[in-house]
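*Asks:* Sequence unavailable; structure follows:
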């Protein structure tokens, strides 16, 4: 009790600062000044109950741990059909036809890859196609969103978002596997996105204990890197471009960038345990005490100009220099995740939508902001409002998008103007490295041998499993097939080492052989009928049965080659090496 | 782009007419430039360069080699340690005693003893010495080799334009994209990863054709045409590469035993020899990576051991290029990410020191047999003629005739010069 009171009595000054600040946190960030004023009045009106009671204090006085913002968690009322109606309205204006709906085989492969990152087993495909259940697609979506691989698939996505831009080139130091594990747990528990973001921004502790600290370690605890990446990742705003000078085409001023960086002035990532044999070093992330931030004077590099924190959106006031390092982080998280800040919701929705549809509102996915012009802003506005109302309910967002007709449309050729119109069809994109690895394991049934031997076969070293042990740079498979998920789909191109791996690697060469204990060998032994062998390898590799045309082409090949095993090896090779194998479609 | 198409017709229609002479022929002086866009002029210049086949070999000394035990010895001083100085083929130039072979080819080598930088962290400094830029979260800058590959590589050439030899990773193409990503050869004595066909050539080609025929009417016909096209481009390129006669360049053991012996039968020696074979075949940029220079302890023993393979490899490379008439068109750069402290620490080692360090250059139009700049007698700083990283990068550009002011565009639409500031070290080209 005494402790508690002591902690409180030390607070008055900080409290005052927080109250002053939060009175404007709610200021609307909308570009329209009239709207902004209205929102400001609204925010002021509701201010006292948010801040003044002790339960709603932002930092736990005893543990000093930041508390998640106490926000009402309502529920969204938006239905997928309403989203579709808006999309169709937009397309009607440009007289664009939509592509036909996916068939069940296309749908199940797509939704498996998008939600849990891997391919459906052949029996699951057959069962789904055969099912007469009326709402079978919605039911499958619900099942997959509860599947344990959902969190992992998307945690890997966000791990790559962070790791590919990290200034820390040494991935082992950063401890991405723990970040992935931690984030997967948050996603599986359907923790609201604002809480996840807050935990990442305000994280403290060791990077071998608290996965949320990994972000700060990745940014090397540097205020400018933190500011740039927090803005890019959580708001989709590239304010870091203003680090060195005002940019003519962007609204952000250098001063604004450094004011935002001042929030991270005390963020530190310091090594507390040296690297030992087989053990990466350990970093401690934390922010405490009084801090000062200054930016270099452009005219005189020797001189430093002191800068106080201020958020760059809305009409946020300067934050007192007195506010301590840990409180600055809490404030930064507040500003970033504030429901009145339109970019926090939009940045997330835009990424998810882009991944699921192959087209987004903003492209690149991390370049939003007031001066960028989105596709179909009316749809994004509607979804964003509702998502905020839901309390940043991530599963709700996925469920809503996945159940739209727009998501469930077939992809189609982009050779025509219609084929390039956003949301008229679903656009294919390349699988991420983890997904390619899983697809290859699945297509060639590589886990079969592991189960039999009870241990990891030696060849797994060449293409280590994409489990929590893997790493972006040090792990050959991820290195070969990995890419920055913030890259526009059109710019994610195949590479020579990828082609070489699939064409010639000893792993693929060996595993497509019709040996007695390989997948293909077993199939050929147990299925005398070529058609059923063909069907099974198509289901395994591409998640669908072959078309009539493909059946004909393959039987021609069988006839031409003469040797059944040899011909099927060729076919399996062709499927593994095909574009379709590497794409979600 | 009317002018541009005329230009193409003129050049392609009559292969003997080089673009530059064609331009001269039609009187395209400064006054005549109005009709041509800047890109056209750049394209004209690039064409000329491709014909000259300018190339670069970077010998990367990972860890940061000691300048005092390589090209800037200070014998008989506390700072200089046990290292002695030896005479070289050029009177007046001395190098550390670990480097007798390089001393022998000093006529072709220029030493910069006044490199000056601030970055003392391995990763950040390596990034800077490869790209000319400090690392940032915003932009992944391309390494200079990738820039050279983009600027100078002949699009019709069937091997990668940039190859990196050695076990550890180098800095990549960044914003230039996967097309210019270094092709890695972890072990110079082994064929590059996955380039050996798992099946006979005929069957390999049969498989490619099968894949192609299945795809064009399949995924290509159902929404994947862009992806299929791009995939087939890569597969074509890759298949051309693995089936190319140029792949023989990777076979270091096919080299004359005498030549091999002069490079040294070591991983670094093999790497240098492979680099020469690749440049000879038409590769634009080769990096040969050697580690082991982070000598926080026992610097003398460690440098002696490293130099035992580095000295013959470097010297043989320069001599071999000279003998084959390739040196003028091939810039050879020997450098690491920084130098080491003048003070020898209690473990008989030297620690990171970016304030003054040395770089060695040969070929590519560089005037050999000279020393540029100097360090202070106590080794604590540059005495005269400081050379910054950007100056070094600008010098590479000058040697390879790449325009350092040319801008690449970052994904955020921000223009980035190949070299940010800096002036080429003019003494190198005197």
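*Replies:* Right, received. Where do you want to start? Quick caveat, the model's predicted, so the values are computed rather than measured.
*Asks:* And the helices in the stretch 251-400 of chain A, which stretches?
*Replies:* Applying DSSP state H, counting those that start in this stretch to the stretch 251-400 of chain A gives helices spanning A:254-261, A:325-337, A:342-357, A:377-389, A:394-402.
*Asks:* possible to save the ones you listed as a markdown table with mean pLDDT?
*Replies:* Below are the helices of the stretch 251-400 of chain A laid out as a markdown table (pLDDT from 0 to 100):
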| stretch | mean pLDDT |
| --- | --- |
| helix A:254-261 | 95 |
| helix A:325-337 | 96 |
| helix A:342-357 | 97 |
| helix A:377-389 | 96 |
| helix A:394-402 | 98 |
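*Asks:* which stretch among these comes nearest chain B?
*Replies:* For these, distance to chain B was read as Cβ to the nearest Cβ. The smallest value, 11.2 Å, belongs to helix A:254-261. All C-beta spots, glycine's among them, are computed from the backbone N, C-alpha and C.
*Asks:* The closest one vs helix A:325-337, what angle?
*Replies:* For helix A:254-261 against helix A:325-337, the angle by axes from the mean of the first three to the mean of the last three Cα atoms, to 10 degrees is 120 degrees.
*Asks:* mind checking how far helix A:254-261 is from the chain centre?
*Replies:* 26 Å (Cα atoms, centre = their mean, to the nearest Å).
*Asks:* For chain B, what is the nearest residue in the stretch 301-450 of chain A?
*Replies:* Distances between the stretch 301-450 of chain A and chain B by Cβ to the nearest Cβ are smallest at residue A:411, namely 3.1 Å.
*Asks:* Arrange the helices of the stretch 251-400 of chain A in TSV, one row each, with mean neighbour count as further columns.
*Replies:* Listed next are those as TSV, based on neighbours: other Cβ atoms under 10 Å in any protein chain shown:
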stretch	mean neighbour count
helix A:254-261	22
helix A:325-337	24
helix A:342-357	23
helix A:377-389	19
helix A:394-402	20
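*Asks:* right, and those - which one's nearest residue B:136?
*Replies:* helix A:254-261 (12.8 Å; Cβ to Cβ).
*Asks:* Could you find the closest non-adjacent residue to the residue of the stretch 201-350 of chain B found nearest chain A?
*Replies:* Chain A sits closest to residue B:223 of the stretch 201-350 of chain B, with a gap of 3.1 Å, by Cβ to the nearest Cβ. Nearest non-adjacent residue to residue B:223, counting by Cβ to Cβ, 6 or more residues apart in numbering or on different chains: residue A:411, 3.1 Å away.
*Asks:* Quick one: name the residues of the stretch 251-400 of chain A near chain B.
*Replies:* A:364, A:367 (Cβ under 8 Å from any Cβ of the partner chain).
*Asks:* before we move on, back to that, let me know which of the helices of the stretch 251-400 of chain A is the nearest to residue B:364.
*Replies:* Once the helices of the stretch 251-400 of chain A are compared by Cβ to Cβ, helix A:254-261 is nearest, at 39.3 Å.
*Asks:* and that closest one, what does it pack onto?
*Replies:* When contacts are defined as 3 or more Cβ pairs under 8 Å, 6 or more residues apart in numbering or on different chains; DSSP states H and E, helix A:254-261 sits against helix A:223-230, strand A:294-296.
*Asks:* can you list the weak-confidence ranges in the stretch 201-350 of chain A?
*Replies:* Scanning the stretch 201-350 of chain A for pLDDT under 70 picks out the ranges A:248-249.
*Asks:* what's residue A:499 in contact with, if anything?
*Replies:* A:577, B:234-235, B:237-238 (Cβ atoms under 8 Å, 6 or more residues apart in numbering or on different chains).
*Asks:* Assumed it was part of a helix.
*Replies:* Yes: counting by DSSP: H, G, I helix; E, B strand; the rest coil, residue A:499 falls inside a helix.
*Asks:* Now it. Nearest residue, chain neighbours left out?
*Replies:* Nearest non-adjacent residue to residue A:499, counting by Cβ to Cβ, 6+ apart: residue B:238, 3.9 Å away.
*Asks:* Just the buried residues of the helix or strand containing that neighbour, please?
*Replies:* Assessed by DSSP states H and E, residue B:238 sits inside helix B:225-243. Judged by neighbour count using 16 or more other Cβ atoms under 10 Å in any protein chain shown, the buried positions of helix B:225-243 are B:225-228, B:230-232, B:234-235, B:237-239, B:241-242.
*Asks:* Assign the residue in the stretch 1-150 of chain A that chain B sits nearest to to helix, strand or coil.
*Replies:* Among the residues of the stretch 1-150 of chain A, residue A:99 lies closest to chain B, at 7.6 Å counting by Cβ to the nearest Cβ. Following three-state DSSP, residue A:99 is assigned to coil.
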